[in-house]
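# Sequence first, then the predicted structure:
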Amino acid sequence: MSFEIVKKDLTNWQNRKEWFFNREFTDTYEQWYEGPYKRAEVWQKKVIKQLVKKDSRINTLLEFGCGTTRFTRWWHQIGIEASGGDISPFMLSQAVHLFKGDLVMADSHFMPFKDHTFDAVAFITTFEYYRDPVQVIREAARVGKHGIVFGMMNRNSPKVARRRIQQAFGKNPFYVTATFYTPNHLISVIDEALKGREYSIEWTCTGLPKWFPVQQWSVPYGDFFGLYVKLL
């Protein structure tokens, strides 16, 4: 894969500026996970694993919005062969040095794969940035044969208010274009996208304070929720 043709002034996607088209942020993305976000990552992977491994049909998976492959590199640890896709050439320019599997640069609204190429399609903290979420889910249900995995930043979190205040003062560019979902909001979008299909949904929340007596629950509050759509 070559990224030499990428223009240095490329900063937009969906006709808007995105942080993942800015090398100031993409080149240091992995460092962020090794810092204060490490504990959150551990719990996010734990809840995603619990949801996905209940479906024994999932052996291959496409993670769209794979970024630097932070999660894509992890799937094999739970017995799933993963491939990655992303729209950002800057993220993928990092990913090619970190991930040995297949990568594709493409738009999630138009996935360049035949029907049922993978057992499942996953979106980990990327679905929030899609302009047409219904179309993306329909694409995921076309390319993924058995399921769709969502790892989401939860709207029911104090961090959402903090991020919006930071944005108002120009201090946080990462969530300007993000749409924060609750589990119920995401389920309503899924219902619209998969009308006429048979499926079941399971979700769980994490991202709770250290001092809280539990770190995972089936209440729609917490910084992060995992949701799995089992296609029947």
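Right, received. Where do you want to start? Residues are numbered from 1 along each chain as shown.

# Mind exporting the C-alpha coordinates of stretch 207-227 to PDB?
C-alpha atoms of stretch 207-227 as PDB (Å, rounded to 0.1, in the frame of the first residue of the first chain):
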ATOM      1  CA  GLY A 207     -16.600   3.300  31.600                       C
ATOM      2  CA  LEU A 208     -17.700   3.800  35.200                       C
ATOM      3  CA  PRO A 209     -15.600   5.600  38.000                       C
ATOM      4  CA  LYS A 210     -12.900   3.500  39.700                       C
ATOM      5  CA  TRP A 211     -14.600   3.900  43.000                       C
ATOM      6  CA  PHE A 212     -18.000   2.600  41.700                       C
ATOM      7  CA  PRO A 213     -18.900  -0.800  43.100                       C
ATOM      8  CA  VAL A 214     -19.300  -2.300  39.600                       C
ATOM      9  CA  GLN A 215     -17.400  -1.600  36.300                       C
ATOM     10  CA  GLN A 216     -20.000  -3.100  34.000                       C
ATOM     11  CA  TRP A 217     -23.800  -3.200  34.000                       C
ATOM     12  CA  SER A 218     -27.000  -3.300  31.900                       C
ATOM     13  CA  VAL A 219     -27.900   0.300  32.800                       C
ATOM     14  CA  PRO A 220     -27.500   2.800  30.000                       C
ATOM     15  CA  TYR A 221     -25.000   5.000  31.900                       C
ATOM     16  CA  GLY A 222     -21.200   5.000  31.600                       C
ATOM     17  CA  ASP A 223     -18.600   6.400  29.100                       C
ATOM     18  CA  PHE A 224     -18.800   3.400  26.700                       C
ATOM     19  CA  PHE A 225     -21.300   0.700  25.600                       C
ATOM     20  CA  GLY A 226     -20.800  -2.400  23.600                       C
ATOM     21  CA  LEU A 227     -23.800  -3.600  21.400                       C
END
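
# Residues touching that stretch, excluding its own?
39-40, 43-44, 46-48, 50-51, 125, 149-154, 156-157, 159, 182-184, 186-187, 201-206 (C-beta atoms under 8 Å, 6 or more residues apart in numbering). C-beta: built from backbone N, CA, C; applies to glycine.

# among these, which ones are buried?
If you count burial by 16 or more other C-beta atoms under 10 Å, the buried members of those come out as 43-44, 47-48, 51, 125, 149-154, 156-157, 159, 182-183, 186, 201, 203-206.

# Assign the closest residue in space to Asp132 that isn't next to it in sequence to helix, strand or coil.
Once flanking residues are discounted, Asp132 sits nearest to His109: 5.9 Å by C-beta to C-beta, 6 or more residues apart in numbering. State at His109, reduced to three classes by DSSP: H, G, I helix; E, B strand; the rest coil: helix.

# who touches His109 in this structure?
By C-beta under 8 Å, 6+ apart, His109 lies in contact with 130-132, 135-136, 139.

# Try it again at 7 Å.
His109 makes contact with 132, 135-136, 139 under the criterion C-beta atoms under 7 Å, 6 or more residues apart in numbering.

# Mind giving me the PyMOL select for those residues, buried ones only?
One line in PyMOL is enough to select the buried members of those, burial here meaning 16+ other C-beta under 10 Å:
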select buried, resi 136+139
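
# Low-confidence regions, the chain specifically.
Scanning the chain for pLDDT under 70 picks out 1-30, 33, 36, 172-173.

# all strands of it, in order?
Assigned by DSSP state E, the chain shows strands spanning 12-13, 16-17, 60-64, 81-86, 103-105, 118-124, 144-153, 199-206, 216-217, 224-231.

# Just put the ones you listed in a markdown table and tack on distance to Thr177.
Below are those laid out as a markdown table (distance: least, C-beta to C-beta, whole Å):
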| stretch | distance to Thr177 |
| --- | --- |
| strand 12-13 | 9 |
| strand 16-17 | 6 |
| strand 60-64 | 17 |
| strand 81-86 | 16 |
| strand 103-105 | 20 |
| strand 118-124 | 15 |
| strand 144-153 | 13 |
| strand 199-206 | 24 |
| strand 216-217 | 29 |
| strand 224-231 | 19 |
